[in-house]
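Build me a structure from this.
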Amino acid sequence: MPEIEFSVSLTTRKPRGSEIDGTDYHFVSEDEFIRRRDGGELAEWSQHFGACYGTPKAPIDRAIGAGRDILLDIEIRGARQIGASYPDDSVAVFVVPPTIEDLVERLRKRGAEDEAEIQRRLNRAREETAALPEYDYLIINDDVAASVERLRAIVVAERSRITRLPEGFQPWKS
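As a prediction, the model looks like this:
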């Protein structure tokens, strides 16, 4: 869906593999992250797995102001912050692999973490699933193409909500 803008988060962690600064993440120093956080430039932020992550406010505010959709790839604490800051403009979609074994396999294939780190991530994933009732939708990512179609269906449905129509909208204005 080319009309959806993808939000690029900030992180203090080092790039993995072929990640590109400004495309996958904005890789920043801890001092730069703290400066932006304390300066009110972040819509959400969290610290986990030894690094800080956050979403800049400006692209979100620009997208909302222009009536465009913006997709954020964030974890639960961030989703809570976005929901609190943008209650009328946010939709929370929880994405999970089909099984915990699939998650283990995906983490191992990534090759970015040692076994202890993988176990920490698995424990965190188990904790995060408890937040499922806080979300609007669930996508079980068993097949990437099918998951993209599920997300597309959610976007179409949300764009069609009566509450999202412009104030005073009439379908057959004379």
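
now stretch 57-65, how far from the centre of its chain.
Per CA atoms, centre = their mean, to the nearest Å, the displacement of stretch 57-65 from the mean C-alpha position of its chain is 15 Å.

which residues sit against it?
Contact with stretch 57-65 is made by 5, 7-8, 40-43, 69-70, 72, 86, 89, as judged by CB atoms under 8 Å, 6 or more residues apart in numbering. Every C-beta, even on glycine, is put in place using the N, C-alpha and C of the backbone.

Average pLDDT for it, rounded please.
Averaging pLDDT along stretch 57-65 yields 95.

can you pull the buried residues of that stretch?
Within stretch 57-65, the residues that count as buried by 16 or more other CB atoms under 10 Å are 57, 59-60, 63.

quick one: the strands in the chain?
Secondary structure of the chain (DSSP state E): strands at 4-6, 10-11, 26-27, 42-48, 51-56, 69-71, 93-96, 137-140.

wait, doesn't Leu132 sit right on Val95?
No - using CB atoms under 8 Å, Leu132 makes no contact with Val95, being 11.1 Å away.

Neighbour count: those two, which is higher?
More crowded of Leu132 and Val95, by other CB atoms under 10 Å: Val95, with 14 against 11.

so who does the closest residue to the more buried one other than its chain neighbours touch?
Closest residue to Val95 apart from its sequence neighbours, by CB to CB, 6 or more residues apart in numbering: Ile139 at 4.8 Å. Shown in contact with Ile139 (CB under 8 Å, 6+ apart): 93-96, 147, 150-151, 154.

what sits against the spatially most central residue of the chain?
The centroid of the chain falls nearest to Asp73 when counting by CA atoms, centre = their mean (2.0 Å). Neighbour list for Asp73: 6-7, 9 [criterion: CB under 8 Å, 6+ apart].
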